[in-house]
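Novice: attaching a predicted model along with its sequence, questions to come.
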Amino acid sequence: MQDLAGKHIVLGLTGGIACYKSAELCRLFVKAGATVQVVMTEAAEEFITPVTMQALSGRTVYTSQWDTREPNNMPHINLSREADAIVLAPCSADFIARLVQGRADDLLSLMCLARPMDRVALLIAPAMNREMWAHPATQRNLMQVAADGATVLGVGSGWQACGETGDGRMLEPAQLLEDITAFFQPKLLAGQKVLVTAGPTFEALDPIRGITNHSSGKMGFAIARAAREAGAEVTLVAGPVHLPTPRGVTRVDVLSAQDMLEVTTHAAQSASIFVATAAVADWRPATQSDQKIKKDGSGKTPVLEFVENADILLSVAKSERAQARKLFCVGFAAESENLAEHAKAKRERKGIPLLVGNIGPLTFGQDDNALLLVDAKGVRELPRAPKLTLARELMAEIAARLPDWRA
Ligand code: CTP
């Protein structure tokens with residue numbers, strides 16, 4: 001997806017072994033539609049060559065404030081004014097200290113100081129040894145750069161090039177891309193607490209087998225990501241799916257509908273928006289065998305009995321909090337035909353302000369989808385698009401409805 005289309009990013013590299021990851025980050029930026037201008041410090045050039053970064057960004061790299069290519073000989077002014085953001089990745093402990101002091105004795109620090117703060121964001125991806133990261137001087141400096149208007153993207157944890165293990169690694173390029181993409185999204189849900197259910201449930205028959213469905217969880221995960229990007233605090237209650245957790249989202253894994261009901265009911269007590277995308281099993285086996293159900297050789301098949309699962313969305317929508325209009329509930333309906341009709345009926349049956357309909361067989365496992373939004377005023381279609389695009393549009397639709405609904 002061209003999430004960064006139209007954005008111009010200055011990618012600043014400072015000295016650190018994580019420079020090898022910046023090559024991939026540059027490639028991901030370009031793939032996401034951004035134009036990238038790489039600027040490197042002298043120390044960064046010890047780790048990776050400007051040739052590599054030039055080839056990946058498609059632009060010659062700047063390394064010196066005395067670069068004569070600029071007609072006015074002011075690359076620090078020209079380059080910083082064109083940018084939507086300066087991304088420092090990797091940003092060394094030394095460079096953070098230099099930012100804190102407002103030093104300006106090389107091109108990159110000069111650009112950071114000269115950037116128009118109101119429109120050119122400064123994002124920092126620190127990278128250093130765990131002891132350097134934990135040092136009070138570094139932590140103090142990080143707090144100061146954040147107070148001065150920079151966005152600190154955090155660090156990863158794990159094996160470090162020095163052979164030690166701990167915090168301080170630069171985040172992986174894909175994680176940085178996710179964080180930087182999120183940074184550019186409008187914060188329509190700032191201050192909201194969003195709860196999302198996603199994926200199928202698994203209703204065990206015995207320790208080996210169970211009943212489940214084809215839900216991939218992709219739409220719910222996209223919604224959790226979009227809500228987080230929009231500035232909300234997000235809890236994602238996920239059935240058994242193989243999907244990575246969106247950055248910054250609190251994920252609780254569950255198996256059965258009963259587990260999902262318990263976790264969701266609890267989380268709903270403090271949420272302000274609930275989006276139920278999970279394909280919850282309508283029934284579960286009436287009994288669950290402790291041991292594997294065996295064939296007895298007679299050719300007789302087992303007779304399975306089922307009981308109905310609680311409707312999680314219905315029960316949350318009936319809660320005091322939802323009834324007092326402190327919790328905006330959104331349901332999903334997967335239909336095979338007569339989408340508008342079924343969706344309207346379902347919205348009323350569940351007593352919720354917004355229901356999102358989609359055609360089941362056209363969405364399960366797919367990366368894109370089309371949605372039909374049904375509320376008290378009528379029906380609106382969100383045409384076929386990637387699930388993340390639709391999720392972002394849905395977050396905007398929810399944000400737009402909140403003031404009136406709460407009034
Ligand atoms: N839902 C839920 N708990 C259940 C069943 C459904 O929270 N036990 C939620 C789903 O997450 C979704 C919506 O309710 O948001 C779907 O409603 P439902 O009436 O179950 O739809 P279908 O399964 O499509 O039902 P039907 O068989 O009536 O078409």
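Specialist: Yes, it's here. None of the values given here were measured: they were computed from a predicted structure.
Novice: what parts of this protein come near the ligand?
Specialist: Contact residues, the chain versus the ligand (CB under 6 Å from any ligand atom): 197, 257, 276-278, 280, 309, 311-313, 331-334, 346. Every C-beta, even on glycine, is put in place using the N, C-alpha and C of the backbone.
Novice: so how far is Ile211 from the nearest residue to Leu205 once chain neighbours are set aside?
Specialist: Among residues not flanking Leu205 along the chain, Pro285 sits closest, at 5.1 Å (CB to CB, 6 or more residues apart in numbering). Per CB to CB, to the nearest Å, Pro285 is found 7 Å from Ile211.
Novice: show me where the stretch 301-407 of the chain has strands.
Specialist: 306-308, 328-335, 354-359, 368-375, 378-386 (DSSP state E, counting those that start in this stretch).
Novice: okay if I get those as a markdown table plus mean pLDDT and mean neighbour count?
Specialist: Conversion of the strands of the stretch 301-407 of the chain to a markdown table gives the following (pLDDT from 0 to 100; neighbours: other CB atoms under 10 Å):
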| stretch | mean pLDDT | mean neighbour count |
| --- | --- | --- |
| strand 306-308 | 98 | 11 |
| strand 328-335 | 94 | 22 |
| strand 354-359 | 93 | 23 |
| strand 368-375 | 94 | 21 |
| strand 378-386 | 95 | 13 |
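Novice: domain ranges for this structure?
Specialist: Using automatic domain parsing, the domains assigned to the chain come out as 8-184, 193-288+303-406.
Novice: just the endpoints, please. Distance across the longest one?
Specialist: End-to-end distance of domain 193-288+303-406 (CA to CA, to the nearest Å): 15 Å.
Novice: what do you get for stretch 183-201?
Specialist: End-to-end for stretch 183-201, by CA to CA: 33 Å.
Novice: surely the residue nearest to Leu205 and Ala204 touch.
Specialist: Yes. Counting by CB atoms under 8 Å, Pro285 touches Ala204, with 7.4 Å between them.
Novice: quick revisit: got phi/psi on the residue nearest to Leu205?
Specialist: Dihedral angles of Pro285 (phi, psi; degrees, to the nearest 10) stand at phi -60, psi 140.
Novice: kindly report the same for Arg169.
Specialist: Dihedral angles (degrees, to the nearest 10) for Arg169: phi -60, psi 150.
Novice: can you pull the contacts of Asp375?
Specialist: Residues near Asp375 by CB atoms under 8 Å, 6 or more residues apart in numbering: Arg347, Pro353, Leu354, Leu355, Arg401.
Novice: follow-up on the earlier one: give the residues shared as contacts by Pro285 and Ile211.
Specialist: Taking CB under 8 Å, 6+ apart as the criterion, Pro285 and Ile211 both touch Glu203, Leu205.
Novice: any stretches of the protein with poor pLDDT?
Specialist: Residues of the chain meeting the criterion pLDDT under 70: none.
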